[in-house]
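Peer 1: Predicted model and sequence below, questions to follow.
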Amino acid sequence: MDYLKIGKATELTGNDRKIYRFLEILPGFLSLGTLLLLLILSYFKPVWVAYFIIAFNVYWLLLVIYLGILLIAAYLEMKKKMAVDWRVECQKLPWNDIYHLVIFPIYNEGLEIIKPSFLGLLNDGYPTGKMIVVLAVEARAGEDALERAKIIEQEYGKKFKRFLITVHPDNIAGEIRGKGSNQAWAAKEVQKIIIDKEGYNYDNILVSIFDIDTIVFPGYFFCLTHKFLTVADPYNASYQPIPVYHNNIWRAHFFAQVAAASNTFWQMMQQIRQEKLATYSSHSMTWKALVAVGFWSTNMVSEDSRIFWHCFCHYKGNYRVEPLYFPVSMDVCMDESMWQTMRNLYKQQRRWGWGVENVPYLIFNVIKNHKKLPMKKMASRIFVQLYGFHSWATNALIIGVIGWMPMILGGDKFNSMVLSSNLPVATRVLMTVAMVGLIFSAIISTLLLPKRPAHYGFGKNVVMFLQWVTLPFSIIIFGSIPCLESQIRLMFGKYMGFWVTPKKR
């Protein structure tokens, strides 16, 4: 069996299935166990928990300072990259043979979402005669989706080297309905109909898989091409831009803006820490590597990150993500009402939290292929993933909820101690200092904003800055809780399907 294609434990049998189920339980057990242990100890050993909370707050303060430094460095690097004329830089290199395959999976998105993404390709500046564009339609979306695709083909199809509409059949055995299975079908179709039939050289094709709301900033494909032609071992790499959520930023609800900007900042900081970087959402890679691993997995949700881990294991650890420090613009989660937006945002975050399914995948493949994989590098990557999802699920809850439990559950004996009165003071002081990180976030978020629409006044900028005071609540409601829910679902084998975030502008 090809263990690199595993999606979940139910696809295995015997001891393999038992091992994989144990590994699926592990992340949720650690996160939920940490919170429950601290809650129980707050009653039986409140002094222990109080000292732990103080130490944890100090750790959080240092972490905020460290991440703030990374954020500033990433912002400066991004501004530097965007100031470069990448067309001129590419002209110093043999770039004329490079073709770009762009795949846009769509479901039920309207033309107001699709058209700007195609205009972004046309306005990028890269010769469209060297672009193959695929609009990947879901059959289950019905005739309306196909009609919209045909309208796009009529308006933009002839502007590219080749344009192809693919229709992904519904209910294929072993597949999960979602982006991964759709784009895998599209890639196989374009390989058969265009690439192999017309004799394209696999070595000269870069493939970008973009969410349909992805609008490239001018120069993206020249920047990508330059990076590919100048890095060492370019075929063993994926290429990651920075997602900024600007398409509808001025209209979106404040809590969705904060959540989206927080994700942008995390991705910016990860670009600095290349050893921790994995592919996320819209990204690019070589066609050669994509074909080598048999395209995207069709039996799991987190296809954007799984393709990296698949390549990482396939190439025995000799695979990486190259940071581009170059942005692409996407949509903030938004719907007609505030409550519907909150519901959608929670579901979106829960789906992102489902990326924890990569933890059992990595550990299981180490167990099955430990003689072929570099153990030190694999152990490091697994620890980063496990620590990251554990922190995402627990840190905000420890600070915002568990930190008060010793005083609530510790009883009169604890509350009569000096430590009890000093605990909230120490927490308040440390968290106040940590607010510097929040101010940095607000400033950089403001600097990143696109030009304000004419019908908004300067007061809108002030509101966009001040809304960052809601971050402590946002990281619990739209961060820790949905992430923890994903881990609990995986823990109990309640596997999630792919939920498509509705797009509104």
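Peer 2: Thanks, I have the structure now.
Peer 1: chain center to the helix or strand hosting Leu39, what's the gap?
Peer 2: Applying DSSP states H and E as the criterion places Leu39 in helix 14-44. Once both centres are worked out by C-alpha atoms, centre = their mean, to the nearest Å, helix 14-44 turns out to sit 24 Å from its chain's centre.
Peer 1: next one: stretch 118-125
Peer 2: For stretch 118-125 - counting by C-alpha atoms, centre = their mean - the centre lies 23 Å from the chain centre.
Peer 1: Buried ones in that stretch, by neighbour count?
Peer 2: By 16 or more other C-beta atoms under 10 Å, the buried positions in stretch 118-125 come out as Phe118, Gly120, Leu121, Asp124. Heads up, the C-betas are built off the backbone N, CA and C, glycines and all.
Peer 1: Which of these sits closest to Ile408?
Peer 2: Among the buried residues of stretch 118-125, Gly120 lies closest to Ile408 (C-beta to C-beta), at 52.0 Å.
Peer 1: Now that the closest one has come up, it's in contact with Gly219, right?
Peer 2: No. Gly120 sits out of contact with Gly219 when judged by C-beta atoms under 8 Å, with a separation of 11.3 Å.
Peer 1: residue ranges of the helices in the stretch 201-350 of the chain, please?
Peer 2: Secondary structure of the stretch 201-350 of the chain (DSSP state H, counting those that start in this stretch): helices at 220-230, 254-272, 287-292, 303-314, 338-353.
Peer 1: Redo those as TSV? Include distance to Ser380, mean pLDDT and mean neighbour count.
Peer 2: Listed next are those as TSV, based on distance: least, C-beta to C-beta, whole Å; pLDDT from 0 to 100; neighbours: other C-beta atoms under 10 Å:
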stretch	distance to Ser380	mean pLDDT	mean neighbour count
helix 220-230	24	98	22
helix 254-272	15	95	22
helix 287-292	22	98	20
helix 303-314	12	96	23
helix 338-353	22	96	18
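Peer 1: Quick one, which of those helices gets closest to Trp499.
Peer 2: That would be helix 338-353 among the helices of the stretch 201-350 of the chain, by C-beta to C-beta, at 5.2 Å.
Peer 1: would you put the C-alpha positions of the closest one in PDB?
Peer 2: Listed next in PDB are the C-alpha coordinates belonging to helix 338-353 (Å, rounded to 0.1, in the frame of the first residue of the first chain):
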ATOM      1  CA  MET A 338     -22.900  39.700  11.000                       C
ATOM      2  CA  TRP A 339     -24.200  36.500  12.600                       C
ATOM      3  CA  GLN A 340     -23.800  34.600   9.400                       C
ATOM      4  CA  THR A 341     -20.300  35.900   9.000                       C
ATOM      5  CA  MET A 342     -19.500  34.800  12.500                       C
ATOM      6  CA  ARG A 343     -20.800  31.400  11.800                       C
ATOM      7  CA  ASN A 344     -18.900  31.100   8.500                       C
ATOM      8  CA  LEU A 345     -15.700  32.400  10.100                       C
ATOM      9  CA  TYR A 346     -15.900  29.800  12.800                       C
ATOM     10  CA  LYS A 347     -16.400  27.000  10.200                       C
ATOM     11  CA  GLN A 348     -13.500  28.400   8.200                       C
ATOM     12  CA  GLN A 349     -11.200  28.400  11.200                       C
ATOM     13  CA  ARG A 350     -12.300  24.900  12.200                       C
ATOM     14  CA  ARG A 351     -11.500  23.700   8.700                       C
ATOM     15  CA  TRP A 352      -8.000  25.300   8.900                       C
ATOM     16  CA  GLY A 353      -7.600  23.600  12.300                       C
END
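Peer 1: list the helices and strands the helix or strand just after it packs on?
Peer 2: Remark: after helix 338-353, the chain's next helix or strand is helix 358-368, criterion DSSP H and E. Packed against helix 358-368 by the contact rule (3 or more C-beta pairs under 8 Å, 6 or more residues apart in numbering; DSSP states H and E) you find helix 14-44, helix 303-314, helix 375-400.
Peer 1: just the angle between helix 358-368 and helix 14-44, please?
Peer 2: With axes from the mean of the first three to the mean of the last three C-alpha atoms, to 10 degrees applied, the angle from helix 358-368 to helix 14-44 works out at 130 degrees.
Peer 1: As CSV, the helices and strands packed on helix 358-368 with distance to Lys276 would be great.
Peer 2: Listed next are the helices and strands packed on helix 358-368 as CSV, based on distance: least, C-beta to C-beta, whole Å:
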stretch, distance to Lys276
helix 14-44, 17
helix 303-314, 12
helix 375-400, 5
